[in-house]
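Got a predicted structure plus its sequence, pasted below:
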Amino acid sequence: AEQLNTSLDHRMRPISSAQMALIFCRLYCAAGHWLGEIMKMRINWLGNVAFEATTETGHSIIMDGSPDVGGENRGARPLETVLAGTGACSAIDVLLILKKSRQQVHDCYVEINADRATTDPKVFTRIHFHFVVTGKALDPAKVGRAIQLSADVYCSASAMLAKTATITHDYEIVEAA
């Protein structure tokens, strides 16, 4: 054991604080990626004020600015994608929760209305989600609970937007034929 310690001591070299920070950063980033905490994306300029976002999973989204800043309506406005992503994030939560509670959901959609601040940065100040859930003998209490759990616990996008916006929810249930 003493010989092993000697050989390890011989191979160890002092490192600078900058090298230590780089090592820590690489380990943190690698661990974060394994844990699903780091998300990567590339945004390519398409000309004028249009961009293509390509996710690390290989999916693309075309976004364009509004006409008043030179946009040509080539894609969704960037903030529209924020609301769309939040609606989808919440709807996924709701569907998974309802599935776990053995509800027979046939369809689900979310209508979103949002207000923005009138001065820069024009953050969302109010967002309302209206869920329409179609299924067989759906329990209203379970539907309401699923939406509340998404809002309060699971939806990361909603949690971020709630920092600047008042977020409300309601729902309706449609009986499947």
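Now that the structure is in, tell me what you want to look at.

quick one: the residue nearest the centre of the chain and residue 99, what's the gap?
Taking Cα atoms, centre = their mean, the centroid of the chain lies closest to residue 157, which sits 4.5 Å from it. Residue 157 sits 20 Å away from residue 99 when distances are taken as Cβ to Cβ, to the nearest Å. Any C-beta I mention is one placed from the backbone N, CA and C, and that applies to glycine too.

again, but for residue 132
17 Å.

Helices along the chain, start to end?
2-11, 17-35, 78-100, 140-149, 156-161 (DSSP state H).

circling back: now the residue nearest to the centre of the chain: closest residue in space that isn't a chain neighbour?
Distances taken as Cβ to Cβ, 6 or more residues apart in numbering place residue 86 nearest to residue 157, at 3.9 Å, with adjacent residues excluded.

Wait, that neighbour touches residue 155, no?
Yes - taking contacts as Cβ atoms under 8 Å, residue 86 lies within contact range of residue 155: 7.1 Å.

Enumerate every residue touching residue 117.
Residues in contact with residue 117, defined by Cβ atoms under 8 Å, 6 or more residues apart in numbering, are 123, 124, 125.
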